[in-house]
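# predicted model and sequence below, questions to follow.
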Amino acid sequence: MEIELSAFVQNVCKKYGNDKSRLIDILWEFQDRFGCINGEMMDLIAKEISSYRIDVEGVVSFYSFFSKEQKGKIIIRLCNDIVDEHAGMKKIAETFSKELGIGIGKTSADGKFSLEYTSCIGMSDQAPAALVNDVVVTNLTAEKVREIVSSLKENMDPSKLVQQTGDGNNFHQLIHAMVNNNIRKRGEVLLAENITPNAGLTKALEKTPAEVLQEITDSKLRGCGGAGFSTGMKWKMASGFEAERRYVICNADEGEPGTFKDRVLLTERANLVIEGMTIAGYAIQSQFGILYLRAEYRYLRPYLEDVLETRRKAGLLGKNINGKTGFDFDIRIQLGAGAYICGEESALISSCEGLRGEPKNRPPFPVEKGYLNFPTVVNNVETFAHAARILDRGAIWFAGFGTEKSAGTKLISVSGDCERPGIYEVPFGIEVAELLKLAGADRPAIIQVSGPSGKMIGRTQLNRKICFEDLPCGGSFMTFSTDRNVLRIVENFLEFFIEESCGYCTPCRVGNTFLKQQIEKVMKGFASKDDLQYLKDLGQTMKMTSRCGLGTTSPNPVLSSLEHFPIVYSTLVKQENDGLEAGFNIQVALEESRRIAKRSSMIYDPVYAHNENE
Amino acid sequence: MNKSVVFKIDGVEVTATPGQTIMEAADEAGIYIPRLCDVEGLDPQGSCRLCTVKVNGRSVSSCTQPVVDGSEVENNTLEIQCYRRDLVRMLFHEGNHLCPICEASGNCELQAMGYRLGISKATKFPYLQPVRPVDASHPDILLDTNRCIHCGRCIRASASVDGKHVFGYIGRGIHRRVGVNAENLAKTDALLEDKAIASETCPVGCIIQKRNGFCTPVGKREFDHEPIGSSIENS
Ligand code: SF4
Ligand code: SF4
Ligand code: SF4
Ligand code: FES
């Protein structure tokens, strides 16, 4: 074993050129083969790639898909976002636990199974869902779980779980997933049926790089990940710095709970995305592209590799692309390892460099010093797809969709309490009410726009528009009906941020935990008015002092629910001088009678709503 | 020719060299900006956020932010003081701090910062009371991360001054902590003489030199007579 292990270490490290910036790839090979990366392995790997054990351990312990402790041959990861919870994940978890005979977070004694929770896996439109190693299982029921477990126990092969493939390209033999795309509305830009392959690239290569930059700028395209920075400006900046190399990185690490649009684009429009990256490569004169694929979407990797390979053979990647002498560009896929924060562009770059996925200090910005200190453009999957369409149809055509400051169409992932969860390609500026109607949400009470880091609004705000001028949306749109508990939703979001904070800076590392404890206090009915002020003050401190977007937005669920659902808080907060005992809670006291009366609309009654959801 | 940069901190005009950080420029001008993770001689890390200031209304960490000509920086305002107090409280509450029995008391930058910012009462935040194992394996050095404030000074000193990698971060989020480059400290190449182990490197009482504790009597400790930051303000 000793000799075997050191030979394995040498082989794997050599495969990646003993390059420590490829540490994530190296660690994946160990995790896959041994089910862990233990101290001995870390020592050996460090030696082989001229790094330090502590640095290797730092990376192993950062990503949730890596582990120092031995994991089962089959790891079942249950999605714990709020939509999955509402869809009955608790029951699913209990069933798995019972059938496998292990608790959550545990590995079975025979080393066959591990069972754990994981953050949103991008399947909220077919919740409850889980990952069985790389295989996605959706629309789970207790019965399905029992079948899954017995099938796994029989042959230990997760791929056998897919008996019927989902819609669209999910049937492709290299994808072969039970996932559904659920495209509910096709717009004219990204999901249109009549897109000519590579028309954008062909037209781009007829122009000079500067003309391409101008076209993108004129289109007023803004980054589709959420921040909304002007894409043209970003590309121009990156091309403006003198450098030996430049990089184009596609951010396919969509981890915001409730978003799954990139999953659909990568399944249905992979060529368009790669085409957009290639255009970016041409525009900023880069030769190297990286597609950073979140570990949760690993099931798409063989297909994406094949798309790249097919394009290479067709002369659309590699040397002298499409016959254009001197334009060389190729792309590699970098697999992530489970960390929401890597969706932040500088953290994503850290991860590509084989480091802990922590954001970098800025300035300098990635456009100046990005991947390995070279100028780097990082854009979202959707942004690149848009870029390819813009080059095909022109800036004016694109800017004709949407609003003044938010050009084009937007893919919105709708999930939660509605008839038709799925993907909607709509022009920017669409009213929340219209989207709800399209999706068939007949009793919307709470709407979470742009995921936990976005805004929570209520029924009085349905005329608001989805666009940068009003309610920006990175892609996640969750709707909850009247019988959901606002505070439990907030609490779930805080649990998510606690889990996903990188821990680098004080306010976000510690503040999220404090916020959650305080929300629990409110839910129990033990909070006073001062405690609400505490929530606001703490949220403000976190917003003002956190180092990156995660910490500056993580108080949003608390702050926006306080703003739009004050009544929920005030019914639970003890009135001053009310003569009642501290700790007495009228809602709790009334619970029994409500339960008997089967009263609904208890959005402010945590105990009641909890029991309902079980 | 490097033209100098002129900007204002709380209305006071400060002249700086281009490329300097706001904190460096402030230090030279005798204006103290509170800090815990930044220390002279090491590259800034930008993690404690104590040094947060507002530049033209936008908050940034002054230890990493370069000066901008003509900008207005807010430092010692009531608003920013509130944020800083919250941050110091967070650092106290995420660890286990019992000053009266701590070797660092009086020499501790966290404690001194608490005093400087006027935190004298029990606070509203919950105590997280972590249980982190103490590493006493090394013959000369004790590592007790229960008091760690994640400033990374030991990590940076070991890497950039000592040319070793004795320390590093492991874990993430609230579980992030300082680890060592082996199973335990004794198995690393850490030495008492390392800069990473020097008493001025760790701002709190995590890295302790054995057989050397409580040597300095109360009254003679670093912050016994003057608040933290005085040396900058009096320079
Ligand atoms: S705000 Fe701070 S702790 Fe949170 S993810 Fe960003 S850098 Fe990490
Ligand atoms: S490290 Fe500082 S703040 Fe913590 S207990 Fe010791 S003296 Fe007090
Ligand atoms: S051990 Fe000390 S120097 Fe190192 S990070 Fe913790 S507080 Fe900072
Ligand atoms: S001193 Fe600037 S962030 Fe700590």
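Received the coordinates, thanks. Every value quoted in this text rests on a predicted model; they were computed, and no experiment measured them. Ligands and ions are numbered 1, 2, ... in the order given.
# where along chain B do the helices fall?
Here chain B has its helices, by DSSP state H, at B:22-28, B:78-94, B:109-116, B:153-156, B:230-233.
# would you turn those helices into CSV with mean pLDDT, mean neighbour count and distance to ligand 1?
For every residue, glycine as well, the C-beta is placed using N, CA and C. Converted to CSV, those look like this (pLDDT from 0 to 100; neighbours: other CB atoms under 10 Å in any protein chain shown; distance: least, CB to the nearest ligand atom, whole Å):
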stretch, mean pLDDT, mean neighbour count, distance to ligand 1
helix B:22-28, 98, 22, 19
helix B:78-94, 97, 21, 12
helix B:109-116, 97, 22, 19
helix B:153-156, 98, 24, 16
helix B:230-233, 92, 14, 26
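# chain center to the strand or helix carrying A:Leu308: distance?
Using DSSP states H and E, the element containing A:Leu308 is helix A:301-313. Put simply, helix A:301-313 sits 23 Å off its chain's centre (CA atoms, centre = their mean, to the nearest Å).
# show me what secondary structure element comes after that helix.
Downstream of helix A:301-313, the first helix or strand assigned by DSSP H and E is strand A:330-335.
# ok, now which ones touch the closest residue to A:Ile466 other than its chain neighbours?
Among residues not flanking A:Ile466 along the chain, A:Cys473 sits closest, at 4.9 Å (CB to CB, 6 or more residues apart in numbering or on different chains). Applying CB atoms under 8 Å, 6 or more residues apart in numbering or on different chains to A:Cys473 gives the contacts A:226, A:410, A:412, A:449-450, A:454, A:466.
# weed out the non-buried ones from those residues.
Neighbour-count burial within the contacts of A:Cys473 applies to A:226, A:410, A:412, A:449-450, A:454, A:466; the criterion is 16 or more other CB atoms under 10 Å in any protein chain shown.
# widest-spaced pair of those?
Farthest pair in the buried ones among the contacts of A:Cys473 (CB to CB) is A:Lys410 and A:Gly454. Separation: 13.3 Å.
# output whichever helix or strand A:Pro557 is part of as PDB, restricted to C-alpha atoms.
According to DSSP H and E, A:Pro557 maps onto helix A:556-564. Output in PDB follows, covering the C-alpha atoms of helix A:556-564 (Å, rounded to 0.1, in the frame of the first residue of the first chain):
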ATOM      1  CA  ASN A 556     -30.500  41.100   3.200                       C
ATOM      2  CA  PRO A 557     -33.000  38.400   4.200                       C
ATOM      3  CA  VAL A 558     -33.200  39.800   7.700                       C
ATOM      4  CA  LEU A 559     -33.300  43.400   6.600                       C
ATOM      5  CA  SER A 560     -35.700  43.100   3.800                       C
ATOM      6  CA  SER A 561     -38.100  40.900   5.800                       C
ATOM      7  CA  LEU A 562     -38.000  43.500   8.600                       C
ATOM      8  CA  GLU A 563     -38.900  46.100   6.000                       C
ATOM      9  CA  HIS A 564     -41.600  44.200   4.200                       C
END
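# distance check, the most centrally placed residue in chain B against B:Ser199.
Nearest residue to the geometric centre of chain B (CA atoms, centre = their mean): B:Leu36, 2.0 Å. According to CB to CB, to the nearest Å, B:Leu36 stands 16 Å off from B:Ser199.
# tell me how far the closest residue to A:Gly323 other than its chain neighbours lies from ligand 4.
Nearest non-adjacent residue to A:Gly323, counting by CB to CB, 6+ apart: A:Gly315, 7.0 Å away. Counting by CB to the nearest ligand atom, to the nearest Å, the gap from A:Gly315 to ligand 4 is 50 Å.
# now B:Lys3
Per CB to the nearest ligand atom, B:Lys3 is found 26 Å from ligand 4.
# can you name the residue of the stretch 351-500 of chain A nearest to ligand 1?
Nearest to ligand 1, among the residues of the stretch 351-500 of chain A, is A:Pro359, at 4.8 Å (CB to the nearest ligand atom).
# what residues are up against that residue?
By CB under 8 Å, 6+ apart, the residues touching A:Pro359 are A:341, A:344, A:346-347, A:350, A:502, A:504, A:547-548.
# then B:Val60?
B:22, B:52-54.
# mind running it again at 10 Å?
A:362-363, A:545, A:547, B:21-22, B:46, B:49, B:51-54, B:66, B:73 (CB atoms under 10 Å, 6 or more residues apart in numbering or on different chains).
# same list (those residues) but as TSV, adding distance to ligand 4.
Formatted as TSV, those follow (distance: CB to the nearest ligand atom, whole Å):
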residue	distance to ligand 4
A:Arg362	13
A:Pro363	15
A:Thr545	9
A:Arg547	8
B:Thr21	9
B:Ile22	10
B:Gly46	5
B:Arg49	5
B:Cys51	3
B:Thr52	7
B:Val53	10
B:Lys54	14
B:Pro66	13
B:Val73	14
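# tabulate those residues (TSV), appending distance to A:Asn180.
Formatted as TSV, the contacts of B:Val60 follow (distance: CB to CB, whole Å):
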residue	distance to A:Asn180
A:Arg362	39
A:Pro363	43
A:Thr545	42
A:Arg547	38
B:Thr21	51
B:Ile22	52
B:Gly46	43
B:Arg49	43
B:Cys51	50
B:Thr52	46
B:Val53	50
B:Lys54	48
B:Pro66	50
B:Val73	53
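# near ligand 1 too, which of the contacts of A:Pro359?
Residues of the contacts of A:Pro359 in contact with ligand 1 (CB under 6 Å from any ligand atom): A:341, A:502, A:504, A:547-548.
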